[in-house]
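[1] Predicted model follows, preceded by the sequence.
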Amino acid sequence: MRRALAIGLAAVALVVALTAAAGGGDEPGYRVDAIFDNVSFLTDGQDVRVAGAVVGQVEGLEVTPDKKARVRLRVDERFAPFRADADCTIQPQSLIGERFVQCTPGTSQAPPLRAEGEHPPTVPVANTHAPIDL
């Protein structure tokens with residue numbers, strides 16, 4: 001019984017070690033940010049959708065130096081890269097105030113968004129929209 005337990009623990013440790021080594025500490029998916037004037041009660045963990053299908057999550061929010069909201073998004077790599085004409089909108093998900101981010105990654109005719117400095121590719125505030133709450 002002890003031997004079986006020891007083998008089981010060793011197998012679990014091996015799987016954990018291999019998973020950590022293969023992942024390199026990076027999370028899977030494509031990281032893109034979007035700048036909004038107002039995040040309308042958006043929170044970490046809420047959905048990111050493309051064409052209504054869930055393709056990722058909101059990873060975090062921060063205030064920019066010019067008092068805008070930078071929303072960190074992680075989306076499925078199939079939608080990378082977001083393009084210069086990408087568009088994101090915060091939309092209500094339910095009557096109790098839950099939100100999600102609906103994005104259009106852009107068209108193939110537009111150039112890919114580029115990372116700037118320490119920030120990943122970013123959808124500019126001119127291409128984002130938030131609902132007006134009553």
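    That came in fine, so what should we check first?

[2] now the helices for this protein?
    2-23 (DSSP state H).

[3] Just the buried positions in the top strand by length along it, please.
    Counting residues, the longest strand in the chain under DSSP state E turns out to be strand 53-63. Within strand 53-63, the residues that count as buried by 16 or more other CB atoms under 10 Å are 55-59. Placement of C-beta: from N, CA and C, glycine included.

[4] For E77, see how far away the residue lying closest to P81 once chain neighbours are set aside is.
    With sequence-adjacent residues excluded and distances taken as CB to CB, 6 or more residues apart in numbering, P81 is closest to P112, at 4.0 Å. According to CB to CB, to the nearest Å, P112 stands 13 Å off from E77.

[5] Looking at those two now, which is surrounded by more residues?
    Remark: of P112 and E77, P112 carries more neighbours, 15 against 12, as counted by other CB atoms under 10 Å.

[6] Contacts only, for the more buried one.
    Contacts for P112 (CB atoms under 8 Å, 6 or more residues apart in numbering) come out as 81-84, 121.

[7] I'd like to know which of these are buried.
    Neighbour-count burial within those applies to 82-84, 121; the criterion is 16+ other CB under 10 Å.

[8] For the protein, which segments count as strands?
    30-36, 47-50, 53-63, 69-75, 87-92, 99-104, 122-123, 128-129.

[9] Can you tell me which of the buried ones among the contacts of P112 is nearest R31?
    Closest to R31 out of the buried ones among the contacts of P112 is P121 (8.0 Å), distances taken as CB to CB.

[10] check contacts around the closest one.
    So P121 contacts 31-33, 81-82, 112-115 (CB under 8 Å, 6+ apart).

[11] from those, which single one is nearest K68?
    D33 (10.9 Å).

[12] helices or strands next to the longest strand of the chain in the packing?
    Counting contacts by 3 or more CB pairs under 8 Å, 6 or more residues apart in numbering; DSSP states H and E, strand 53-63 is packed against strand 47-50, strand 69-75.

[13] Now with 10 Å, please.
    Contacts defined by 3 or more CB pairs under 10 Å, 6 or more residues apart in numbering; DSSP states H and E place strand 53-63 against strand 30-36, strand 47-50, strand 69-75, strand 99-104.

[14] Brilliant, that's me finished.
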